[in-house]
Each structure stands twice: as C-alpha cells, then as structure tokens.
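Participant: sharing a model prediction with you, sequence too.
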Amino acid sequence: MAKAGEVKLIGGWPSPFVMRPRIALNLKGVEYEFLEEKFGAKSELLLRSNPVHKKIPVLLHANRPVCESLVIVQYVDEAWPSSGPSILPSDPYDRATARFWAAYIDEKWFPSMSGIMRAQGEEAKKAAIDQVVEGLSLLEDTFGKISKGKPFFGGDTIGFLDIALGCFLGWLRVTEKTHGLKLLDEAKVPGLAKWAERFCADDAVKGVMPETEKLAEFAKLIMAKFKAPPPQ
C-alpha cells in the first residue's frame, strides 16, 4: 500500500478526465493528496510534471509523473494489484474490447456531447444530439453484451469501461438540464439508465461526482469564455 504523501493527483474538480483516476484510486483504497489546479491557470508543478501536453490529470507516485487519464487508471490497477478489485478484465480479449470502447467514447461520443454545448445554430445542435443518441444506443447494446447481465461493464464491480464512460455522467446531466433534453432515456436505453444510477451511487464514485447545479454554473463560465471575442 502507498505510504502517506507518496501519491498525489494534480487535477480540477469539474474535469471528467480527472474523475477517472480519482475513482480508480478510491476503488483500490489508495490514499492520495488532491492538488487542485485553478481554472484558467497552469501551475509550475503541472507544467513540470506534464511538459508534453501541459494538461490535467497527472498522477505523482513517489514523485514520478504518470499522465493521461486512462493511462493513469491502468497504472493504478497494475501498481496496486492486490488492493481492491481488478479494474481491467483479466482476459486479453475482454481487455482489448474495453480499451476499444473507451477509445470510442473519448474520440467519438464525448466530442459529440461537447458539440451540443458549442453548436452554432439549431442544425448543428440537432446533428450533435443525433450523434450522441446514436452513440448511447451503441453503448446500450455494448453494455448488454459485455456485462452479461451483471450490474457493471466490469461485471459485479466497477471496471475500466465503467470509469471511461461514467466520468461523463455529470456533464451529460448538465447538457440535459441546459438544453431541455433527455439523453439517458429509460425508454430507449434502459440498461444504461439503470447502470448510471448504480455507478453514481457507488462509494468509489459518489464523493467525486460533481453536483449538477455546481457543474452547470461552471459550464456557464466555460461557455462565456468560449463565446468571448479574441483579445485584440
């Protein structure tokens, strides 16, 4: 187990990507210090720890940096193999499948959801919404196949793909609230809707999942910055 002060995480509370390693560390029962970055600023520690991308999250384990959210989740699983449940599946094919869908979520599905907030005009907004709904339908089908009737993508406990998708549930709720949508519709994606409830209620998650109202206020700051004219 990690010694006191040995594990630190550089991040910010609103970031879904930062939530991923926080959930992984919680699942493994690893104590860590959370080093909060200020919105719109990058600390010297962050720039020194992640000089390539200059982004959160960064895990510091015995002062050695590990960057990129899903890389950190995999690192946590491997660094503390005997603590808590395994996060990645033990079977190579199942691991590959989980990584494939995690990449789909990051490269295709989440950009579509972000596109709803950033859309200029109703046509662009509708196109983004359609992509999100189509993606959720795909993930509903995937959940049925991968979970094999168990509560999570990872089986009986939260796993890699649960973390990859579940970290975005707070922002999904904000998107629904802001635009008057029902994306995670029980009538259309019943498996995912019930999964989302179980995920958010889990002890490893509920302490780090932002409140919808608080996240919605933060979203207003982001959108104001996004819509502001560039400095002259």
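Facilitator: That came in fine, so what should we check first?

Participant: only C-alpha atoms for contact and neighbour calcs from this point on.
Facilitator: Will do.

Participant: now do the helices in the chain.
Facilitator: Counting by DSSP state H, one finds helices in the chain at the ranges 16-28, 44-49, 69-79, 92-104, 110-118, 122-147, 160-166, 169-179, 190-201, 203-206, 212-227.

Participant: so for the shortest one, what gets flagged as buried?
Facilitator: The neighbour-count check on helix 203-206 (16 or more other Cα atoms under 10 Å) flags 204-205 as buried.

Participant: and for the last one?
Facilitator: For helix 212-227, the buried set under the neighbour-count rule, 16+ other Cα under 10 Å, comprises 212, 215-216, 219.

Participant: tabulate the residues you listed (a markdown table), appending pLDDT.
Facilitator: Shown next, in a markdown table, are these (pLDDT from 0 to 100):
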| residue | pLDDT |
| --- | --- |
| 212 | 94 |
| 215 | 95 |
| 216 | 94 |
| 219 | 90 |
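
Participant: give me the low-pLDDT residue ranges for the protein?
Facilitator: The model of the chain has pLDDT under 70 over residues 1-4, 226-232.

Participant: mind putting the helices of the chain in CSV, distance to residue 58 included?
Facilitator: Written out in CSV, the entries for the helices of the chain read as follows (distance: least, Cα to Cα, whole Å):
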stretch, distance to residue 58
helix 16-28, 8
helix 44-49, 7
helix 69-79, 8
helix 92-104, 19
helix 110-118, 21
helix 122-147, 28
helix 160-166, 16
helix 169-179, 21
helix 190-201, 23
helix 203-206, 19
helix 212-227, 22
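
Participant: just to revisit the earlier point, farthest-apart pair in the buried residues of helix 212-227, please.
Facilitator: Spanning the widest gap among the buried residues of helix 212-227 are 212 and 219, at 10.2 Å by Cα to Cα.

Participant: which neighbours do the two have in common?
Facilitator: Common contacts of residue 212 and residue 219 (Cα atoms under 8 Å, 6 or more residues apart in numbering): none found.

Participant: skipping adjacent residues, who's closest to residue 198 in space?
Facilitator: residue 151 (7.5 Å; Cα to Cα, 6 or more residues apart in numbering).

Participant: the one you found against residue 196, yeah?
Facilitator: No - the pair formed by residue 151 and residue 196 falls short of the contact definition of Cα atoms under 8 Å, at 9.9 Å.

Participant: sorry, back to before: could you single out the nearest of the buried residues of helix 212-227 to residue 13?
Facilitator: Set against residue 13, the nearest of the buried residues of helix 212-227 by Cα to Cα is residue 215 (9.3 Å).

Participant: can you tell me which residues contact the closest one?
Facilitator: For residue 215, the contact set (Cα under 8 Å, 6+ apart) comprises 14, 170-171, 174.

Participant: returning to what we had before: so which of the helices of the chain gets nearest residue 59?
Facilitator: Between residue 59 and the helices of the chain, the tightest spacing by Cα to Cα is seen for helix 69-79, at 6.8 Å.

Participant: on contacts alone, who are the packing partners of the closest one?
Facilitator: Helices and strands touching helix 69-79, as assessed by 3 or more Cα pairs under 8 Å, 6 or more residues apart in numbering; DSSP states H and E, comprise helix 16-28, strand 58-61.

Participant: okay then, goodbye and thanks.
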